[in-house]
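Participant: Predicted model, plus sequence, below.
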Amino acid sequence: MNNFEFKNPTKILFGKSQIEKLATEIPPNEKVLLLYGGGSIKKNGIYEQVTKALSNFEVVEFGGIPANPEYEVLLKALKIIKEKQITFLLAVGGGSVIDGTKFLASAALYKGEKPWDILSEKIRTEKGMPFGTVLTLPATGSEMNSGAVITRKGTKEKLGMGGEGLFPQFSILDPQVIHSIPKRQIANGLADSFTHVLEQYMTYPIDAALQDRFAESIMQTIIETAPKILGDATDYKAASNFMWCCTMALNGLIQKGVPNDWAIHAMGHELTALYGIDHARTLAILTKSHYTYNLATKKEKLAQYAERVWNISEGTLEDKSKAGIDKTEAFFHSIGIDTKLSEYTNDYKGTAETISKSFIKRGWDGIGEHGTLTPKDVVKIVEMSY
């Protein structure tokens, strides 16, 4: 196992009626900017719960943060933060709203002239404006980590950011919110969290036995929970397991001491930026081609995954590896997610070259756990996903 440091300061309030505790988690006399997305929280009762809990605070609202939070929209919120002298941010939503809030937490204290530099220049945020979250859509794990991804629509870019100053002060996770989530979004959450685990697990053996078991147990739980939560979103037990899996998949724990990949995400972000495809579905599009292309360097972990997660016990390492890949694709299909780019757009020809050029422009010479996947490799992987 590799050396590592681990610190996660986010306080989690998990379970029924936890939104009521908002008032005790935000320091008194803070001026709060309440951030949310398209307005679904006003239809499912969450908005009413939040505003009631914040009745003793001065609250300013900013709604309309889109899926794949857009830089251009967030600049409008940044202007409000400065004009209204906001001191605390509260994200009420899924990963997009929370990621957008993290950008604002960084940009509000940023001394430079162009906030986009935080992303394009990979400037880490060591201190940000304090913020908390009320999770309404499990998927990204953003409620308990310090990372965010922001889209710039004008330039068709989707870039990440992070830093110690971007951990939420607290996150409220009430599984009851899931009953109002559309089935498509639940499927996205299942695929997103599952792939998050794969990106931290599907590399090469490093004798990190406990980390492997953590990762495998999360994936097994997601597989077991998927039909239950898709079949009945009011099933509180299933909702609880689903929500906690999404958080545990990317709160930093399972990535410590082990190599990480993240090539699927790097390529997937480009598909979202180009075509507006749901983030989780871009991951499903690229998973089979990525692991098939890199089977030679990943076969030990692929075979272990096939054995432990899918109970595949017969065959060579390569046989098990290929079977594990096929089982993964079948899982995505079972939750209603297509796995070919051509199933999302007719304009896919040339996509691989476009993504490769973007990587070259940014100086991304090599991605993946070994840093050896070149833009030429990316072309081949993306073309395999057509």
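Facilitator: Thanks, I have the structure now.

Participant: Contact partners for G336?
Facilitator: Listed by CB atoms under 8 Å, 6 or more residues apart in numbering, the contact partners of G336 are K183, R184, A187, L230. Using the backbone N, CA and C atoms, a C-beta is placed for each residue, glycine as well.

Participant: if we go to 6 Å?
Facilitator: A187 (CB atoms under 6 Å, 6 or more residues apart in numbering).

Participant: P115 should be in a helix, yeah?
Facilitator: No - P115 is assigned coil when assessed by DSSP: H, G, I helix; E, B strand; the rest coil, not a helix.

Participant: A108 is in contact with that one, correct?
Facilitator: No - counting by CB atoms under 6 Å, P115 sits too far from A108 to count as a contact (9.2 Å).

Participant: Tell me, how many residues neighbour S217?
Facilitator: 16 (other CB atoms under 10 Å).

Participant: er, L230 actually
Facilitator: L230, neighbours per other CB under 10 Å, totals 18.

Participant: so is A226 in a helix, a strand, or just coil?
Facilitator: helix.

Participant: Begin at 5, not 1, for the rest of this chat.
Facilitator: Fine by me, first position is 5 from now on; the one you just mentioned is A230.

Participant: check contacts around it.
Facilitator: L194, I339.

Participant: now it: how far from G354?
Facilitator: To G354, A230 is 34 Å away according to CB to CB, to the nearest Å.

Participant: Would you map the helices across the protein?
Facilitator: 26-29, 50-57, 75-87, 99-111, 121-124, 187-205, 213-235, 240-252, 267-279, 283-297, 299-314, 321-338, 355-366, 379-388 (DSSP state H).

Participant: How much space separates the nearest residue to A242 once chain neighbours are set aside from T225?
Facilitator: The shortest distance from A242 to any non-neighbouring residue, by CB to CB, 6 or more residues apart in numbering, is to K232 (3.9 Å). For K232, the distance to T225 equals 11 Å [CB to CB].

Participant: Equivalent analysis for A212, please.
Facilitator: 19 Å.

Participant: tell me, what residue is most central in the protein?
Facilitator: Nearest to the mean C-alpha position of the chain, by CA atoms, centre = their mean, lies T144 at 2.8 Å.

Participant: Need the pLDDT of N72.
Facilitator: Looking at N72, its pLDDT is 88.

Participant: Contact partners for it?
Facilitator: T155, T276.

Participant: try 10 Å
Facilitator: The contact partners of N72, by CB atoms under 10 Å, 6 or more residues apart in numbering, come to 99-100, 103-104, 153-155, 157, 162, 273, 276-277, 280-283.

Participant: Quick check: A195 touching I268?
Facilitator: No - taking contacts as CB atoms under 10 Å, A195 lies outside contact range of I268: 11.3 Å.

Participant: Give the residues shared as contacts by those two.
Facilitator: What both A195 and I268 touch, as defined by CB under 10 Å, 6+ apart, is the set T286, L287, A288, T291.

Participant: Among those residues, which one lies nearest to T238?
Facilitator: Relative to T238, the closest of the shared contacts of A195 and I268 is A288; by CB to CB it sits at 26.0 Å.

Participant: In contact with the closest one, which residues are there?
Facilitator: 191-192, 195-196, 198-199, 268, 272, 281-282, 332-333, 335-337, 339, 341-344, 389.

Participant: which of the residues you listed are buried?
Facilitator: Taking 16 or more other CB atoms under 10 Å as the criterion, what is buried in the contacts of A288 is 191-192, 195-196, 198-199, 268, 272, 281-282, 332-333, 335-336, 339, 341, 343, 389.

Participant: Right, I'll call it a day here.
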